[in-house]
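Asks: Give me a 3D structure for the following:
(chains A and B)
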Amino acid sequence: MKATIIITPKKAVLDPQGKTVQNALAHMGYTGVTGVHIGKYIEIDLVPGTDPAAAAKALNEAAHKLLSNPVIEDYRLEIE
Amino acid sequence: MNFAVLQFPASNCDQDAVHALRLLGHAARLVWHKDASLGDADAVIVPGGFSYGDYLRCGAIARFSPVMQAVKQFADHGGLVLGICNGFQVLTEAGLLPGALIRNRDLQFHCEYIHLRTATANSPFTNKIPAGKILRLPIAHGDGCYFADEETLGKMQANHQILWQYCDASGNLTESANPNGALLNIAGICNEQRNVAGLMPHPERACERILGSDDGKWIFESLFAALKQKPVAAVA
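Replies: Below you'll find the model as predicted:
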């Protein structure tokens, strides 16, 4: 059982990495790109058979406290 | 005065802070990150470095160390806490200071001297800085771009929580004097209660003329003066 947490910078926060990559893509001729946002991808292995609702509750708490910084980042949690 | 200087794995300005404080005539000792108590301390310095390898985000892991629980208690009781560079990042991650420090806007690590304007003398960290004095201090960071949402920034301005701003040699807050893209050229701030402050520049590296500047001493002299006036906070 696996949980994934995808963390992206908030839209209002400067994302110089995303901007630089976006410019590089444009230089390479990839047109039609209107934005690039670079974040983090975290994979968490869970004990098989874990109750998904309980896992989601715990991981949302962990994402809020440690895995992301709510001042500058948004996150998305997926459990499969 | 008796200073506790925290030491995390990969702190690297801890010894500099102890050296500067002793040079200026005060007692300072290191407190290991696993200690749950600060012991006998009048003030706390959270030093620069790369605590816990800057893993996840700068300061994110250090915030959960046992010693930081003691620092939080110390601050809640009104104790004076100063975070320098990585220490500033740790204090924002811990929620002891508002906002966050993100990657420098040009993605470069900046290691250079900058100029600072002190926005208010009304804090334990700025009260001895001569009026109009432009401080010349070194910076050394990759993640020093201060960010807070508009509402938070508005509140900070209303409460005069912005302590230091990057400026040119004449004191003008220009875009080119801003090394990292920080909002409002912010280099250092304090909390609403004014007993916790953080800044990206390194005053502890600039307390002796032989090192290129001794402007950093004004910040420590402010702390000493504030501690002299104020009864010592309950020790956590």
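Asks: Count the neighbours of B:Val196 for me.
Replies: 28 (other Cβ atoms under 10 Å in any protein chain shown). For glycine as for every other residue, the C-beta is placed from the backbone atoms N, C-alpha and C.
Asks: Which residues does it form beta bridges with?
Replies: Note on B:Val196: beta-bridge partners by DSSP bridges are B:Val81.
Asks: Can you give me the pLDDT of it?
Replies: According to the per-residue confidence, B:Val196 scores 98 in pLDDT.
Asks: can you give me the helices for the chain?
Replies: Went with chain A since none was named. Across chain A, reading from the start of the chain, the helices by DSSP state H fall at A:16-27, A:52-62.
Asks: meant chain B, my bad for not saying
Replies: For chain B, helices defined by DSSP H occupy the ranges B:14-23, B:66-76, B:86-93, B:150-158, B:217-229.
Asks: Any idea how far the second one is from the middle of the chain?
Replies: Looking back up the chat, that one is helix B:66-76. For helix B:66-76, the distance between its averaged C-alpha position and the chain's averaged C-alpha position is 16 Å (Cα atoms, centre = their mean, to the nearest Å).
Asks: Give the rounded mean pLDDT of that helix.
Replies: Per-residue confidence for helix B:66-76 averages out to 97 on the pLDDT scale.
Asks: What are the buried residues along it?
Replies: Taking 16 or more other Cβ atoms under 10 Å in any protein chain shown as the neighbour-count basis, helix B:66-76 is seen to contain the buried residues B:67-68, B:70-75.
Asks: between that helix and helix B:86-93, how big is the angle?
Replies: Interaxial angle, helix B:66-76 versus helix B:86-93 (axes from the mean of the first three to the mean of the last three Cα atoms, to 10 degrees): 70 degrees.
Asks: What of the last one?
Replies: Here helix B:217-229 runs at an angle of 60 degrees relative to helix B:86-93 (the same axes, to 10 degrees).
Asks: buried residues in helix B:217-229?
Replies: B:217-220, B:222-224, B:226-227.
Asks: now, among those residues, which is nearest to A:Lys40?
Replies: Of all those, B:Ile219 has the smallest distance to A:Lys40: 34.5 Å, by Cβ to Cβ.
Asks: how near is the closest one to B:Ala43?
Replies: The span separating B:Ile219 from B:Ala43 equals 12 Å under the rule Cβ to Cβ, to the nearest Å.
Asks: B:Ala20 too?
Replies: From B:Ala20 across to B:Ala43, the span is 13 Å (Cβ to Cβ).
Asks: dump the residue contacts of the nearest residue to B:Ala94 once chain neighbours are set aside.
Replies: Setting aside the residues directly before and after it, B:Ala94 is nearest to B:Arg63 in space (Cβ to Cβ, 6 or more residues apart in numbering or on different chains), at 4.3 Å. Contacts for B:Arg63 were tallied using Cβ atoms under 8 Å, 6 or more residues apart in numbering or on different chains; they are B:90, B:93-94.
Asks: Spell out which parts of chain B neighbour chain A.
Replies: Where proximity means Cβ under 8 Å from any Cβ of the partner chain, the interface of chain B facing chain A comprises B:56-57, B:60, B:64, B:92-93, B:99-100, B:102-107, B:145, B:147-149, B:181.
Asks: shared neighbours of B:Ile219 and B:Ala43, which are they?
Replies: A shared contact of B:Ile219 and B:Ala43, defined by Cβ under 8 Å, 6+ apart, is any residue touching both; here these are B:Leu82.
Asks: Can you check the pLDDT for B:Ala236?
Replies: According to the model's per-residue confidence, B:Ala236 sits at a pLDDT of 45.
Asks: should've said B:Ala233
Replies: Per-residue confidence for B:Ala233 comes out at a pLDDT of 53.
Asks: which residues of chain B score low on pLDDT?
Replies: B:231-236 (pLDDT under 70).
Asks: correct me, but B:Val5 touches B:Leu21?
Replies: Yes: if you go by Cβ atoms under 8 Å, B:Val5 and B:Leu21 touch, sitting 7.5 Å apart.
Asks: Find residues that contact each of these two.
Replies: Residues within reach of B:Val5 and of B:Leu21 at once, by Cβ under 8 Å, 6+ apart, are B:28, B:45.
Asks: In terms of neighbours, single out the busier of the two.
Replies: Neighbour tally, B:Val5 and B:Leu21, criterion other Cβ under 10 Å: the higher count belongs to B:Val5, 27 against 24.
Asks: need the contact list for the more buried one.
Replies: Taking Cβ under 8 Å, 6+ apart as the definition of contact, the neighbours of B:Val5 are B:14, B:17-18, B:21, B:28-31, B:44-45, B:47.
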